[in-house]
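Colleague: Give me a model of this one.
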Amino acid sequence: MDEPFVENLADAPARSHPRRATVIDFERDAAPWPDTGVNVQIMQPGQPNCLYHSEPVQEDFLVLHGECIVILEGEERPLRQWDFVHCPAGVEHVFVGAGDGPCAVLMIGSRRKDEAHYPVNDVAAHYDASVTSATDEPAEAYADWRPEPWQRIRSPWPLR
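Modeller: Okay, here's the model as predicted:
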């Protein structure tokens, strides 16, 4: 059930994975929001937030802390605190931590469709963030990452 609430980012549930960003997620597993997904992802230098992909809906991103790069349509672009990235539907992208410490990015996207496309990309592959064979199936795209499970952790950001 979708109900209003107030929660401090430091108290929100977080989950960590050894191959990708830590996700601080305001949504509850049992009741995901029907229209819009919102989370903050924390990346260490060289760590991708996910696999290079595109979605059939727009997504928006705001760097809250630190530095990262975005690989946008196959091109690396450096980002720093307060940089905003808008991805219209169909734009291929992935974020990778950079700089000397963690990077926090607010990520917002529509939930109208759960479809994504995972293309092969040499620039993303440099960061272990590309599939080796293009697919539209998330389970296939993340097959190599799945044996390493997510772990619930205390929110690592904001830095305390």
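Colleague: which regions of the protein sit below the pLDDT cut-off?
Modeller: Across the chain, the ranges flagged by pLDDT under 70 are 1, 28-31, 112-114, 159-160.
Colleague: What segments of it are strands?
Modeller: Listed in chain order, the strands of the chain (DSSP state E) span 14-17, 20-25, 36-43, 59-65, 67-72, 75-80, 84-87, 93-98, 103-110, 151-153.
Colleague: Let's have those strands in TSV, adding distance to T135 and mean neighbour count.
Modeller: From N, CA and C alone the C-beta is placed, and that goes for glycine too. Listed next are the strands of the chain as TSV, based on distance: least, Cβ to Cβ, whole Å; neighbours: other Cβ atoms under 10 Å:
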stretch	distance to T135	mean neighbour count
strand 14-17	19	18
strand 20-25	17	22
strand 36-43	21	20
strand 59-65	19	18
strand 67-72	18	22
strand 75-80	22	14
strand 84-87	19	14
strand 93-98	15	23
strand 103-110	20	20
strand 151-153	26	10
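Colleague: Next, format these as a markdown table and append distance to E3.
Modeller: Below are the strands of the chain laid out as a markdown table (distance: least, Cβ to Cβ, whole Å):
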| stretch | distance to E3 |
| --- | --- |
| strand 14-17 | 21 |
| strand 20-25 | 16 |
| strand 36-43 | 15 |
| strand 59-65 | 24 |
| strand 67-72 | 33 |
| strand 75-80 | 34 |
| strand 84-87 | 29 |
| strand 93-98 | 30 |
| strand 103-110 | 19 |
| strand 151-153 | 22 |
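Colleague: I am finished for the moment; much appreciated.
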